[in-house]
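Colleague: Got a predicted structure here, sequence first:
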Amino acid sequence: MLTQQQQLKYSRQILLKKIGEQGQVALSNARVLIVGVGGLGNPVALYLAAAGVGKLFLVDGDIIELSNLPRQILFSEQQVNNNKADAAADKLQQQFPETEIEVIDEMFDQELADYYLNEVDLVLDCTDNINSRYLINKLCVQSKIPLIIGAATGFDGQHLMVDPHDDNSACYHCLYPSSEKAPANNCQTAGILGPILAIIGGMQALTAIKYITDNKIPTNQLSLFDGLTNQWQQFTIKKNSQCEVCAKETTMQPPLNKH
Ligand SMILES: [Zn+2]
């Protein structure tokens, strides 16, 4: 049930037939974990809190650096050297007091996953390195938690949703079985522009909202964005039946309902 205040506040979302009051209630009950509160995690957390997501878990062990500010739009110069998850939570809590925020000021690892993945409906990978991406993918597949992956470097970005509830859903490891073929996402060496992160982070937040509100998400769809030509390209990827991460996992258990 929404309060009168919530009805008013979220009225433009509720007006959307594919969201409605039911969708808004689902958003307020949703628990979403965001790994990486940098260039992608900033817009993702901002849009999900603004949309009325009930609880956000922000995971980041990094501190804010001056060179982060042109794209990590939640942070100010006064917050340089503060922990990113902590600083983002401060800002979001002021702006969206309805959203509960839990700060995890550490790097994501197996131990955190064991504890937190049971607590959430959805994970968003907003990290900037390939090792984290493989790890998060593996842990989400093992725990059967849907994962929305975003990545960006230079003028390019990519987006992929992995849904372990769907036996045919390819995972990140199916797409890049070895790290040599995966894009080396390193903004320190390649550079990056804020709006590219806003576009990819916006796409991740949109997918998250659609997922939570029970709208259809295209599976096995890799979306690539080229910020120089402003073009999106969609590729259909296939689940690798030999994938060492997801192939054996999906045969062990039947698909679960997501809530
Ligand atoms: Zn796989």
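Modeller: Sure, I can see it.
Colleague: So which bits of the stretch 51-200 of the chain are right by the ion?
Modeller: 171, 173, 174 (Cβ under 5 Å from the ion). The C-beta positions use only the backbone N, C-alpha and C, and glycine is treated the same way.
Colleague: Restricted to helices, list those residues.
Modeller: If you go by DSSP state H, these have 173, 174 in helices.
Colleague: okay, the residues of the stretch 51-200 of the chain next to the ion in JSON lines with neighbour count and pLDDT next?
Modeller: Putting those into JSON lines (neighbours: other Cβ atoms under 10 Å; pLDDT from 0 to 100) gives the following:
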{"residue": "171", "neighbour count": "27", "pLDDT": "97"}
{"residue": "173", "neighbour count": "21", "pLDDT": "95"}
{"residue": "174", "neighbour count": "23", "pLDDT": "96"}
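Colleague: could you pull out the strands for the protein?
Modeller: For the chain, applying DSSP state E gives strands covering 31-35, 55-59, 100-104, 122-125, 147-153, 156-162, 221-226, 231-236.
Colleague: For the most centrally placed residue in the chain, give the beta-bridge partners.
Modeller: Centre of the chain computed as the mean C-alpha position; nearest residue by Cα atoms, centre = their mean is residue 124, 2.1 Å away. Beta-bridge pairing for residue 124 (DSSP bridges): residue 34, residue 148.
Colleague: how much space between residue 24 and residue 209?
Modeller: 10 Å (Cβ to Cβ, to the nearest Å).
Colleague: next one: residue 70
Modeller: In terms of Cβ to Cβ, residue 70 sits 27 Å off from residue 209.
Colleague: Could you find the closest non-adjacent residue to residue 225?
Modeller: residue 157 (4.4 Å; Cβ to Cβ, 6 or more residues apart in numbering).
Colleague: Give me the neighbour count for the one you found.
Modeller: Residue crowding around residue 157 was assessed by other Cβ atoms under 10 Å; the count is 27.
Colleague: surely it meets residue 149?
Modeller: No: using Cβ atoms under 8 Å as the test, residue 157 is too far from residue 149 to be in contact (11.0 Å).
Colleague: Where does pLDDT dip in the stretch 101-250 of the chain?
Modeller: Within the stretch 101-250 of the chain, the ranges that satisfy pLDDT under 70 run 181, 184-188, 248-250.
Colleague: how about 80 then?
Modeller: Applying pLDDT under 80 to the stretch 101-250 of the chain picks out residues 179-189, 248-250.
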